[in-house]
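> What would the 3D arrangement of this be:
(2 chains)
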Amino acid sequence: MSAPGALAFCGRLLRRQLVLAVRRPIEIVNPLLFFAMVVALFPLGLGPAPDALAEFAPGMLWIIALLSSLLTSDTVFRSDFDDGSLEQLLLSPQPLYFSVLAYVGAHWLITGVLLALVSPVFALMLGLPGQAIVALVISLLLGTAVLSLVGGIGAALTVGLKRGGMLISLLILPLYMPVLIFGSAAVQAAVIGAPAGPYLAILGAMLSLAIALAPVAMSAGLRISIDA
Amino acid sequence: MWTFFHKLGSPPWLYGISGSILRYLLPLTLLALAVGMTWGIFFTDPDFRQGNSYRIIYIHVPAAVVALAGYYVMAIAGGVSLIWKMKMADVAMRACAPIGAALTFVALVTGAIWGKPTWGTWWVWDARITSMLILFFLYLGVVALYEAYDNKEAAGKACAVLSLVGTVNIPIIYKSVDWWYSLHQPASIKFTGESSIDPSMLYPLLLMIAAFYALFTCLMLMNMRAEILERESRTKWVRKLAEEGS
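Residues are numbered from 1 along each chain as shown, chains lettered A, B, ... in the order given. Below you'll find the predicted structure:
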């Protein structure tokens, strides 16, 4: 049997991760429930005045998306590290660059994309003006992909540690901040009727940079974690 | 040239040469700090708008500049240790993180003290201030990651990867005052073109910046020497050193 090509292998790995996630639906539903519950916390904490909520909605939605990406990023490599299949992956002749992209891609599909798709519901509940919702969805789609890639670096560096959970937030939250700045700025621009395009373009540029460089850092991180 | 690099990789040689560098650099640094502080505080005119409170600039700006530059030193040392597997580069990277964190902290605290009389507030969520706070967390992240690993070799590599990844934030911090115009003033010192600061205030400031670079180098070398002794504590040359009591 001949070995599959790099891209075919990457596709199979992605499918495997997605199948694994679908078999454990709680992993898919958890970030969404988290999103809904934190949205519900803000009116309780800030008071239910619709004007104030609508004003803070872009930043709130973005921060919640960021937190749910952060909370789930620890699990990207965890189970495969524990059962040893990650070690097999590192030993295999397949380029690690594409393999880690598959892991991160699966993470993005089951957290970021789903969050972006359900975000209009919560945006309307918080009173975000209708014209900003397109910008919100696009900015979340682009931004959460960057978050997944950067979170993957943190996950790769801490997967060998017993208590990586708290550490990962210290490591990757500083790197999340540029995404948060431009993501929420895009939505805020759309709220006041200004073009959100420039901010989305910057998010796209960040995504390109992250796709090019993050898998390299992740591969290095995984090799270090396996060796340790 | 190449023998120089080979020697750099040798702990006893590095320990020796850093000792002799420190013997001259440390007094020089302290002298420069003393002269710069005295010059800045007693021999410059008060600022026409900020009065005497601006004098904290002689600590604030050098600390901030060197804190940012220190991140590059750390990342470059980390890159060198990853690529060429030089153990001493790993030691250098490790030595940078706590000093950088301390300098960032000094820059933040002096900024807050300076902010109170000039802006009327200790803290604002201004782009430059917030990004300096992020730099502080970046440094702390490297320290925390290093402490989290039991295997020190892996810890060094992981920190090197992290510090390289973190460099993407540094240009944002540098340019934050120009991109987001808010309370923090834009850069006053320019290498190209006219600086918007009077020469009588600029020269002591430049002296202080140079002194802080020297201070960073001294502290880094001292940290490295301590780390080298700890790592090499089982070798003959360290035992000999300890027996001689030097």
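
> Just want the residue of chain A that's nearest chain B.
Proximity of chain A to chain B (CB to the nearest CB) peaks at A:Ala228, 3.5 Å away. C-beta: built from backbone N, CA, C; applies to glycine.

> gap between A:Gln88 and A:Ser99?
Distance of A:Gln88 to A:Ser99, given as CB to CB, to the nearest Å: 11 Å.

> before we move on, what about A:Leu180?
Distance, A:Leu180 to A:Ser99, by CB to CB: 28 Å.

> repeat for A:Asp82
17 Å.

> Counting neighbours, go ahead and name the busier of those two.
Set side by side, A:Asp82 and A:Ser99 show more neighbours around A:Ser99, with 23 against 10, by other CB atoms under 10 Å in any protein chain shown.

> Neighbours of the closest residue in space to A:Leu96 that isn't next to it in sequence, how many?
With CB to CB, 6 or more residues apart in numbering or on different chains as the criterion, A:Leu96 has its nearest non-adjacent residue at 4.2 Å, and that residue is A:Ser219. Counted by other CB under 10 Å, the residues lying close to A:Ser219 total 19.

> Helix, strand, or coil at A:Ser219?
Under DSSP: H, G, I helix; E, B strand; the rest coil, A:Ser219 falls in the helix class.

> Now do B:Lys87, the pLDDT please.
Looking at B:Lys87, its pLDDT stands at 82.

> residues in contact with the closest residue in space to it that isn't next to it in sequence?
Nearest residue to B:Lys87 in three dimensions, chain neighbours excluded: B:Gly9, at 6.8 Å (CB to CB, 6+ apart). By CB atoms under 8 Å, 6 or more residues apart in numbering or on different chains, the contact set of B:Gly9 is B:Met86, B:Lys87, B:Met88.

> Helix or strand next in line after the helix or strand hosting B:Ala67, which one?
Using DSSP states H and E, B:Ala67 sits in helix B:57-84. As assigned by DSSP H and E, the chain's next helix or strand after helix B:57-84 is helix B:87-119.

> Run the contact check for the helix or strand just after that following helix versus chain A.
Downstream of helix B:87-119, the next assigned helix or strand under DSSP H and E is helix B:127-148. Yes. If you take CB under 8 Å from any CB of the partner chain as the test, helix B:127-148 does meet chain A, through B:Ile134, B:Leu135, B:Phe137, B:Leu138, B:Leu140, B:Gly141, B:Ala144, B:Leu145, B:Ala148.

> and the residue nearest to the first one when sequence neighbours are not counted, what is it in contact with?
When you say that, I think you mean B:Ile134. Distances taken as CB to CB, 6+ apart put A:Pro174 closest to B:Ile134, at 4.6 Å, once the chain neighbours are dropped. With contact set as CB under 8 Å, 6+ apart, A:Pro174 has these partners: B:Ile134, B:Leu135, B:Phe137, B:Leu138, B:Gly141, B:Gly166, B:Asn169.

> Return the residues of chain A in contact with chain B.
Applying CB under 8 Å from any CB, we find that chain A lies next to chain B at A:150, A:153, A:157-158, A:160-161, A:163-164, A:167, A:170-171, A:173-175, A:177-178, A:209, A:217, A:220-221, A:224-225, A:227-228.

> same thing but at 7 Å, please
A:153, A:157, A:161, A:167, A:170-171, A:174-175, A:177-178, A:217, A:220-221, A:224, A:227-228 (CB under 7 Å from any CB of the partner chain).

> in the chain, which ranges drop under the pLDDT threshold?
As the question left the chain open, I've gone with chain A. Across chain A, residues meeting the criterion (pLDDT under 70) sit at A:1-3, A:164.

> oops, chain B please
Applying pLDDT under 70 to chain B flags the ranges B:1, B:47-51, B:177-197, B:245-246.

> Report how many residues lie close to B:Val35.
Neighbours of B:Val35 (other CB under 10 Å): 14.

> Please verify my assumption that A:Gly143 contacts A:Ile202.
No. At 10.3 Å, A:Gly143 does not count as touching A:Ile202 under the criterion of CB atoms under 7 Å.

> okay, those two: which has more neighbours?
Taking other CB under 10 Å, A:Gly143 and A:Ile202 do not tie; A:Gly143 has more neighbours (30 against 18).

> what's the helix or strand for the more buried one?
Per DSSP H and E, A:Gly143 falls inside helix A:133-158.

> likewise A:Ser99?
Going by DSSP H and E, A:Ser99 is in helix A:96-107.

> buried sites along the helix or strand following that helix?
Counting by DSSP H and E, the next helix or strand C-terminal to helix A:96-107 is helix A:114-125. Judged by neighbour count using 16 or more other CB atoms under 10 Å in any protein chain shown, the buried positions of helix A:114-125 are A:Leu114, A:Leu115, A:Ala116, A:Val118, A:Ser119, A:Pro120, A:Phe122, A:Ala123.

> ditto for stretch A:15-24
Within stretch A:15-24, judged by 16+ other CB under 10 Å, the buried ones are A:Gln17, A:Leu18, A:Ala21.

> what does stretch A:60-76 give?
Neighbour-count burial for stretch A:60-76 [16+ other CB under 10 Å]: A:60-74, A:76.

> With just CA atoms, put it into PDB.
Extracted in PDB, the C-alpha atoms of stretch A:60-76 (Å, rounded to 0.1, in the frame of the first residue of the first chain):
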ATOM      1  CA  MET A  60     -18.600  41.600  24.200                       C
ATOM      2  CA  LEU A  61     -19.300  39.200  21.400                       C
ATOM      3  CA  TRP A  62     -15.700  39.300  20.300                       C
ATOM      4  CA  ILE A  63     -14.300  38.700  23.800                       C
ATOM      5  CA  ILE A  64     -16.700  35.800  24.400                       C
ATOM      6  CA  ALA A  65     -15.600  34.200  21.000                       C
ATOM      7  CA  LEU A  66     -12.000  34.700  22.100                       C
ATOM      8  CA  LEU A  67     -12.600  33.100  25.500                       C
ATOM      9  CA  SER A  68     -14.400  30.100  24.100                       C
ATOM     10  CA  SER A  69     -11.600  29.600  21.600                       C
ATOM     11  CA  LEU A  70      -9.100  29.900  24.400                       C
ATOM     12  CA  LEU A  71     -10.900  27.400  26.600                       C
ATOM     13  CA  THR A  72     -11.100  24.800  23.900                       C
ATOM     14  CA  SER A  73      -7.600  25.200  22.400                       C
ATOM     15  CA  ASP A  74      -6.000  23.200  25.300                       C
ATOM     16  CA  THR A  75      -7.800  20.100  23.900                       C
ATOM     17  CA  VAL A  76      -6.500  20.300  20.300                       C
END
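
> quick one on the thing from earlier: which strands and helices lie in contact with the helix holding A:Gly143?
helix A:50-73, helix A:96-107, helix A:114-125, helix A:164-191, helix A:197-227, helix B:152-166 (3 or more CB pairs under 7 Å, 6 or more residues apart in numbering or on different chains; DSSP states H and E).

> same thing but 8 Å
The contact analysis (3 or more CB pairs under 8 Å, 6 or more residues apart in numbering or on different chains; DSSP states H and E) places helix A:133-158 against helix A:50-73, helix A:96-107, helix A:114-125, helix A:164-191, helix A:197-227, helix B:127-148, helix B:152-166.

> what's the angle from the first one to helix A:164-191?
Computed by axes from the mean of the first three to the mean of the last three CA atoms, to 10 degrees, the angle separating helix A:50-73 from helix A:164-191 equals 140 degrees.
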